[in-house]
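Q: Could you work out the structure for the sequence below:
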Amino acid sequence: MPGGRLTQQERQQIALGLADGLAYAEIARRLDRPTSTITREVMRNGGPTGYRADLAHRATEHRAHRRRQTAPRDPMTPPQAHGRDAEAVREYEETFTTVMMQSGMPKMMSRVMACLCTSDAGSLTASELVQRLQVSPASISKAIAFLESQGFVRRERDERRRERYVVDDDVWYQSMMVSARATAQIVETARQGVGILGPGTPAAARLENVARFLDFVSESTARAAEQARDILHTKPGKTLDSTI
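A: Below you'll find the predicted structure:
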């Protein structure tokens, strides 16, 4: 499998593949590259409908040049924690960001989420996020507000009374429950429409089908989240109704 950065010829093949309606996995297979590489390349350069090979290549060269200027390699720079490869970590954070964006999360919110999830502490302050992502405090504030509304992060105060933004096991549970409640609200609204449009009419039947489907999904999501939290987050030494 070839390593290193994508070449201009590979980017042209990506553009042709997108034009032909190929999936990222198929484009990756033809180029003998990881699917995550193709996904990240497309998402950071205009998406599947806006990707242009020449523009993507120039943008990558510009980012590489800017990175060399603003963050030159310093032999005195301390190594990454736990002996990690700094470049590999950076590439992984980009991949994580791309996947979150594909799920529908906006780019800045995805970057903040990736940053928090890949930190050993699982929490960062606003100033730490500003420094790590090289963005404005206002951008961080907006991203955190969105993530908090979706149940992805929570706030807490540390010993220095600084506000920290936290992701942990319970945050993922809370996020799933927020999603389940939002889906349940759609169910309720759809069923209101059935009464307004008239039972038995085509439009009402469509809304009833929407309600039935999403009601099942909502209940299944909430039940699965509860079960996962009970099973996966059980502390060592504690069992769930075990018998000998």
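Q: which stretches of this structure have low pLDDT?
A: Confidence mapping of the chain against pLDDT under 70 gives the ranges 1-3, 63-80, 234-244.
Q: how about the strands in it?
A: Using DSSP state E, the strands of the chain run over 123-125, 154-157, 163-166.
Q: which strands and helices sit next to the shortest one?
A: Pointing back at strand 123-125 there. helix 107-117, strand 163-166 (3 or more Cβ pairs under 8 Å, 6 or more residues apart in numbering; DSSP states H and E). (Glycine included, C-beta is placed from N, CA and C.)
Q: tell me which residues of the longest one are tucked away?
A: When you say that, I think you mean helix 107-117. Using 16 or more other Cβ atoms under 10 Å as the test for burial, helix 107-117 gives Met108, Met109, Ser110, Arg111, Val112, Met113, Ala114, Cys115, Leu116.
Q: Among the residues you listed, which one lies nearest to Gln131?
A: The nearest member of the buried residues of helix 107-117 to Gln131, counting by Cβ to Cβ, is Cys115 at 10.4 Å.
Q: OK, contacts around the residue lying closest to Leu129 once chain neighbours are set aside?
A: Nearest residue to Leu129, sequence neighbours excluded (Cβ to Cβ, 6 or more residues apart in numbering): Ile140, at 4.8 Å. Counting by Cβ atoms under 8 Å, 6 or more residues apart in numbering, Ile140 touches Val112, Ala126, Leu129, Val130, Leu133.
Q: Report the buried members of the residues you listed.
A: Buried among the contacts of Ile140 by 16+ other Cβ under 10 Å: Val112, Leu129, Val130, Leu133.
Q: on that earlier part again, okay if I get the buried residues of helix 107-117 as TSV plus distance to Ile144?
A: As requested, the buried residues of helix 107-117 are exported to TSV (distance: Cβ to Cβ, whole Å):
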residue	distance to Ile144
Met108	10
Met109	9
Ser110	13
Arg111	12
Val112	7
Met113	10
Ala114	14
Cys115	11
Leu116	10
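Q: tell me the contacts of the most centrally placed residue in the chain?
A: By Cα atoms, centre = their mean, the mean C-alpha position of the chain lies nearest to Met100, the distance being 1.9 Å. Neighbour list for Met100: Met109, Ser110, Met113, Ala114 [criterion: Cβ under 8 Å, 6+ apart].
Q: wouldn't the second one be in contact with Thr97 here?
A: In this case it means Ser110. Yes - with contact defined as Cβ atoms under 8 Å, Ser110 reaches Thr97; the gap is 4.5 Å.
Q: mind giving me the domain split of this protein?
A: Per the record, the chain has its domains at 8-67, 85-166, 169-232, by automatic domain parsing.
Q: what's the distance between the residue nearest to Leu129 and Ala205?
A: Here Ile140 is placed at a distance of 46 Å from Ala205 (Cβ to Cβ, to the nearest Å).
Q: again, but for Arg164
A: Taking Cβ to Cβ as the measure, Arg164 falls 50 Å from Ala205.
Q: Quick one: residues in contact with stretch 118-135.
A: Contacts of stretch 118-135 (Cβ under 8 Å, 6+ apart): 81-82, 89, 92-93, 96, 108, 111-112, 115-116, 136-137, 139-141, 144, 156, 158, 162-168.
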